[in-house]
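# how would this look folded up:
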Amino acid sequence: MILIFLGPPGVGKGTISAKMVERFGVVQISSGDLLRATIQLGYEEGIEAKMYMDRGNLVPDSIVNKMINERIAKPDCKNGFILDGYPRTVKQAIDLEGMGVNVDKVLSFVLDDSELVGRISGRRICKRCGFIYNTRTNPTKEIDVCDNCQGELFLRDDDRPEAVMQRLDVHREKTAKLIEYYGKKKMIATIDASGTSDEVFERCMQTIKEAGYCDCGVTSLTQ
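Below you'll find the predicted structure:
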């Protein structure tokens, strides 16, 4: 099973991906996580990518495509995977097809901007253990101190409200044609991302089942 999750930052794609991984045993591949790992390792392309991310802009295709292609070639992807945040443009979608990837379904998650800004700007990450908190939904007992390891929490530059609004604008501009592209192929389904993660997950499951996927193991929708 190969799925693509589309949606603005903060819509909950990562949470739903994790539930899919647990249910079906597939691999979650987040372009954002891959980019941040490259940045942390200090690679040249990571330094370049950070400049774009800090401004709330999309990273060039040449950087992202290389990381995605290398990741899906690994053995743990042979039974299927979920692409979270990739592709973001029609060109990337075409590049993905050029990698030999046959996507089963594209899920497009939608949520109001005001809710998205609140979710993202409230995120705090522990510098020591990497645990993610949210000042609105999952606050720490002591302000900016991790409950688990007492490490210092920080707000990512691209999670600040002004950067979030820029990211949302860029997302809409860049993905409108992508949604149209997959729509013409009759591959896309819109998912209401409001409510609890369990509610959103059930909407996803219903959509997948309606598309012909049997929840009885990892098989392709197109088989």
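
# pick out the residue closest to the middle of this protein.
What sits nearest the mean C-alpha location of the chain, by CA atoms, centre = their mean, is D84, with 3.3 Å.

# count of neighbours near the residue lying closest to that one once chain neighbours are set aside?
Nearest residue to D84 in three dimensions, chain neighbours excluded: S30, at 4.3 Å (CB to CB, 6 or more residues apart in numbering). C-beta coordinates here come from the backbone N, C-alpha and C atoms, glycine included. Residues lying near S30 (other CB atoms under 10 Å) number 19.

# flag every buried residue along the lengthiest helix in the chain.
In the chain, with assignment by DSSP state H, the single longest helix is helix 161-184. Across helix 161-184, burial judged by 16 or more other CB atoms under 10 Å covers 163-165, 167-168, 170-171, 174-175, 178-179, 181-182.

# now pLDDT and distance to T135 too, for these, in TSV please.
Compiled in TSV, the buried residues of helix 161-184 are given as follows (pLDDT from 0 to 100; distance: CB to CB, whole Å):
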residue	pLDDT	distance to T135
A163	91	17
V164	92	14
M165	93	18
R167	87	19
L168	92	19
V170	85	24
H171	85	23
K174	82	29
T175	88	28
L178	95	32
I179	95	31
Y181	97	37
Y182	97	35
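
# one step back: quick check, the residue nearest to the centre of the chain in contact with S31.
Yes. Contact criterion CB atoms under 8 Å: D84 and S31 qualify, at 7.1 Å.

# how far away is M51 from K78?
Distance, M51 to K78, by CB to CB, to the nearest Å: 35 Å.

# list the contacts of the residue nearest to D84.
Residues counted as contacts of S30 (CB atoms under 8 Å, 6 or more residues apart in numbering) are G14, S17, D84, G85.

# if we go to 10 Å?
F5, K13, G14, S17, R36, A37, R71, I82, L83, D84, G85, Y86 (CB atoms under 10 Å, 6 or more residues apart in numbering).

# now do the helix or strand following the longest helix of the chain against helix 161-184, angle only.
Once the chain leaves helix 161-184, the next helix or strand it forms, by DSSP states H and E, is strand 188-192. Interaxial angle of strand 188-192 relative to helix 161-184 (axes from the mean of the first three to the mean of the last three CA atoms, to 10 degrees): 140 degrees.
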